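# Structure, please.
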Amino acid sequence: MTFKHCVNTPNALELRKFAIEELIKKGKELEGGKKLKKFQRTADAIEKRLPRKNFMINLICQLNPNHKIFTRDYKPPAISSLTEMAED
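Next up, the predicted model:
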């Protein structure tokens, strides 16, 4: 298992978006089957109920340890863009 530190943690909505993207990307890499369904079910569960930030950070780290949130120069989006995301 890999654990990385996220210096500038995004808010929970942004983390959820990243986690779902990584789950779908990893599921597609597996080219179908039972594992793809499991990744999709996890993505659906995260979409319905917002998990804790630590869970999502660890999930993203396991799926993609090189994700941009783990870089030192990552800056979370501004508050105004998050409000727009919530309206979509």
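# you'd agree His5 is up against Ile69?
No. The pair His5 and Ile69 fails to qualify as a contact (Cβ atoms under 8 Å) at a distance of 10.1 Å. (Glycine included, C-beta is placed from N, CA and C.)
# what's the longest helix seen in the chain packed up against?
Longest helix in the chain by number of residues (criterion: DSSP state H): helix 12-29. The criterion is 3 or more Cβ pairs under 8 Å, 6 or more residues apart in numbering; DSSP states H and E, and the helices and strands that helix 12-29 contacts are helix 33-48, helix 53-63, helix 79-87.
# residue closest to the middle of this structure?
The centre of the chain sits closest to Ala19, judged by Cα atoms, centre = their mean, with a distance of 1.7 Å.
# what's near enough to touch it?
Remark: with contacts taken as Cβ atoms under 8 Å, 6 or more residues apart in numbering, Ala19 is in contact with 43, 46, 51, 56, 59-60, 63.
# Can you tell me which of those comes closest to Lys75?
Ile60 (16.6 Å; Cβ to Cβ).
# The closest one: neighbouring residues, count only.
For Ile60, the count of nearby residues is 22 (other Cβ atoms under 10 Å).
# Over to Asn64?
The burial count assigned to Asn64 is 17, neighbours taken as other Cβ under 10 Å.
# I figured it hits Glu21, correct?
No. In terms of Cβ under 8 Å, Asn64 does not count as a neighbour of Glu21; the distance is 9.1 Å.
# Run through this protein and note the low-pLDDT ranges.
1-3, 31-33, 79-88 (pLDDT under 70).
# could you redo the last one with a cut-off of 50?
Counting by pLDDT under 50, the chain has no low-confidence residues at all.
# Could you report the separation of Arg16 from Arg52?
Arg16 sits 11 Å away from Arg52 when distances are taken as Cβ to Cβ, to the nearest Å.
# The two - which one has more neighbours?
With neighbours defined as other Cβ under 10 Å, Arg16 and Arg52 compare such that Arg16 has more, 19 against 10.
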